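Peer 1: Whatever this is, show me its structure:
(chains A and B)
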Amino acid sequence: MIKVDDQKCCYCAGCVPTCPENSIFLWDTRLTIDETCITCNLCVIFCPVSALSIAEDEKKIA
Amino acid sequence: MKYDYDVIVVGAGPAGSIAAKTTAEAGLKTILLEKRQEIGTPVRCAEATGTRQEIGKFIPIDDSWINADIAAGRFISPSGHEMYKNAGHVGIMLERKIFDRALAEQAGDFGSEIQCRAAVVGLTENGVKVSSFGNEYEITGRYIIASDGVESQVARFAGIKNTMKLKDIHSCIQYLVRDIEIDEECIDIYVGNKVSPGGYVWVFPKGKRMANVGLGICTNKSKNKNAKAYLDEFMEKHFPKGKIVGMVLGAVPGSSYVKQLVKDNILFIGDAARQVNPLTGGGIFFALEAGRISGEVIAEAHRKGDNSILQNYQTIWDKEYGKLFSMYYKMRKLFLSMNDDEFDFLVQEVNKVASKYDGGTNFNKQIPEILWKAFTKNPKFMLKAGLSMFK
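Peer 2: Below you'll find the predicted structure:
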């Protein structure tokens, strides 16, 4: 899963079209990522302010 | 079947508002839905667009949403070669917050209904599913216009794959900067792989000593550095004393527009359809055009009771803009392949060629020609350009 750092996210929704699974949705100023996320990392690479990252627990597995 | 509305427009940006205005004006019962609580904020735009004349075709010009008139452009290459061109009135700088509201209000004035904080969360057999303040309900409509921006969900609900590859999308950030030395009529564009790989840095005037300073990068070409880091570096070098009074982020499509602009009774317009110049990232004018054309086509289909007419939107768009988009997309591919020496060369050559052109309202159409003439001065470069066309 990818997690959102609310301190960094400026809710531009630019990550949404990069997602091949359509797992990301912007509710007004709140970016949500649902369980369909396949951790492909594309949104992480795209984000202009690096607000997205792979959740710590998954990093350990990888 | 009795529908709640003839037309449901999803998203109240420039594309959606012009579409709603057009269908409402034609007498169709129209509703404009906006998922945010306010129209026009937060802005995701560098705010430069076409001339007063071009924009005036869609809404009466009002100085309350114009920050500056653009009369000149300056390209700055990696080694600091400059190409400056004063071309008369080539465009305006918008205050999008006010502009977007004015466009939505105009749609309302022509009879469209408007609902804010109403997110479309799905499609139903006869319309859309809306979520607003914890309530979910259906709104039915004969036609749906998807103007829900770069993050378009309607396309995905309709089963159209509109995922963007990283190479076809710009990761953008912009600061609104005060107290800086700028030419208030000139847009500055910095190119080069060090300042903004796969894109460019813009300094667009917003009035006295004030400018939108931003950049877009292609994240395929940036090395473990985000857009913000590039912009902070640029600011440090060029405007260390500038005061940042605002911040804008977003994704700008760098592909051509989506192949399928119409699916059944759904028409895709604006950023949702990637109707953005892939080279320059300019999309406001195309959004307004798509809003107008889609609205007119729906009005005609409705009047004649023939849904096959909806395909005309695709036909008209392809005919009017197909070639322009594919040419800009090819040029973008070439730009992505260029190194800094080639940028230096190009800026110097374009400088020589461009002086022969008059600018004015056809500037958008002249740019490819100007660039092409410059390319052809260098055989090696021309070969590279030629090859990139076939990639």
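Peer 1: buried ones in stretch B:114-129?
Peer 2: B:114, B:118-121, B:123, B:127-128 (16 or more other CB atoms under 10 Å in any protein chain shown). For the C-beta atoms, the positions are set from N, CA and C on the backbone; glycine is no exception.
Peer 1: List phi and psi for B:Ile70.
Peer 2: Phi and psi for B:Ile70, reported as degrees, to the nearest 10, are phi -100, psi 130.
Peer 1: Closest one to chain A out of the buried residues of stretch B:114-129, please.
Peer 2: Using CB to the nearest CB, B:Ala119 comes nearest to chain A of those, at 7.0 Å.
Peer 1: ok, B:Trp202 - contacts?
Peer 2: With contacts defined as CB atoms under 8 Å, 6 or more residues apart in numbering or on different chains, B:Trp202 is in contact with B:46, B:48, B:174, B:187-190, B:212-215.
Peer 1: At the contact with chain A, which residues of the stretch 51-200 of chain B appear?
Peer 2: The stretch 51-200 of chain B comes close to chain A at residues B:117, B:119, B:149-153, B:156, B:162-164, B:166, B:169, B:171-173, as judged by CB under 8 Å from any CB of the partner chain.
Peer 1: buried subset of those?
Peer 2: Applying 16+ other CB under 10 Å to those flags B:119, B:149-153, B:156, B:162-164, B:166, B:169, B:171-173 as buried.
Peer 1: Now compare those residues and name the two farthest from each other.
Peer 2: Maximum pairwise distance among these (CB to CB): 26.7 Å, between B:Ala119 and B:Leu166.
Peer 1: Now do the single nearest residue of chain A relative to chain B, the pLDDT please.
Peer 2: Using CB to the nearest CB, A:Gly14 is the residue of chain A that sits closest to chain B, at 3.1 Å. At A:Gly14, the pLDDT value in this model is 97.
Peer 1: residue contacts, the closest residue to it other than its chain neighbours?
Peer 2: Excluding its sequence neighbours, the residue lying closest to A:Gly14 (CB to CB, 6 or more residues apart in numbering or on different chains) is B:Ala251, at 3.1 Å. By CB under 8 Å, 6+ apart, the contact list for B:Ala251 reads A:12-18, A:46, B:150, B:164, B:169-172.
Peer 1: Distance check, B:Ala251 against B:Gln37.
Peer 2: B:Ala251 is 22 Å from B:Gln37, where distance means CB to CB, to the nearest Å.
Peer 1: ditto for B:Ala68
Peer 2: B:Ala68 is 29 Å from B:Gln37, by CB to CB.
Peer 1: for B:Val201, same thing?
Peer 2: The value you get for B:Val201 to B:Gln37, if CB to CB is used, is 33 Å.
Peer 1: Kindly report the same for B:Phe75.
Peer 2: The value you get for B:Phe75 to B:Gln37, if CB to CB is used, is 40 Å.
Peer 1: Specify which residue of those two has the higher count of neighbours.
Peer 2: B:Phe75 (22 against 11; other CB atoms under 10 Å in any protein chain shown).
Peer 1: B:Ile187 is in contact with that one, correct?
Peer 2: No: with contact defined as CB atoms under 8 Å, B:Phe75 and B:Ile187 do not form a contacting pair (9.7 Å).
Peer 1: and chain B, what are its domains?
Peer 2: Listed by automatic domain parsing, the domain ranges of chain B are B:5-45+B:97-163+B:255-325, B:69-90+B:165-253, B:329-390.
Peer 1: For B:Val258, grab the count of nearby residues.
Peer 2: 17.
Peer 1: from memory it sits against B:Gly270, does it?
Peer 2: No: B:Val258 is beyond contact range of B:Gly270, at 11.1 Å (criterion: CB under 8 Å).
Peer 1: Of the contacts of B:Ala251, which belong to helices?
Peer 2: A:Phe46 (DSSP state H).
Peer 1: Tabulate the contacts of B:Ala251 (CSV), appending distance to B:Leu103.
Peer 2: Below are these laid out as CSV (distance: CB to CB, whole Å):
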residue, distance to B:Leu103
A:Cys12, 21
A:Ala13, 20
A:Gly14, 23
A:Cys15, 27
A:Val16, 23
A:Pro17, 23
A:Thr18, 28
A:Phe46, 29
B:Val150, 18
B:Met164, 25
B:Ile169, 25
B:His170, 24
B:Ser171, 27
B:Cys172, 22
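Peer 1: tell me which of the contacts of B:Ala251 is nearest to B:Thr23?
Peer 2: Closest to B:Thr23 out of those is B:Val150 (23.1 Å), distances taken as CB to CB.
Peer 1: ok now do the closest one, which residues does it touch?
Peer 2: Per CB under 8 Å, 6+ apart, neighbours of B:Val150: A:13-14, A:16-17, B:44, B:250-253, B:271-272.
Peer 1: In space, what's closest to it - neighbours in sequence excluded?
Peer 2: In space, and not counting its chain neighbours, B:Val150 is closest to B:Asp271: 4.4 Å by CB to CB, 6+ apart.
Peer 1: quick one: contacts for that neighbour?
Peer 2: B:13, B:15, B:149-150, B:152, B:253, B:283, B:287.
Peer 1: Would you mind giving me the confidence score for it?
Peer 2: On the pLDDT scale, B:Asp271 gets 97.
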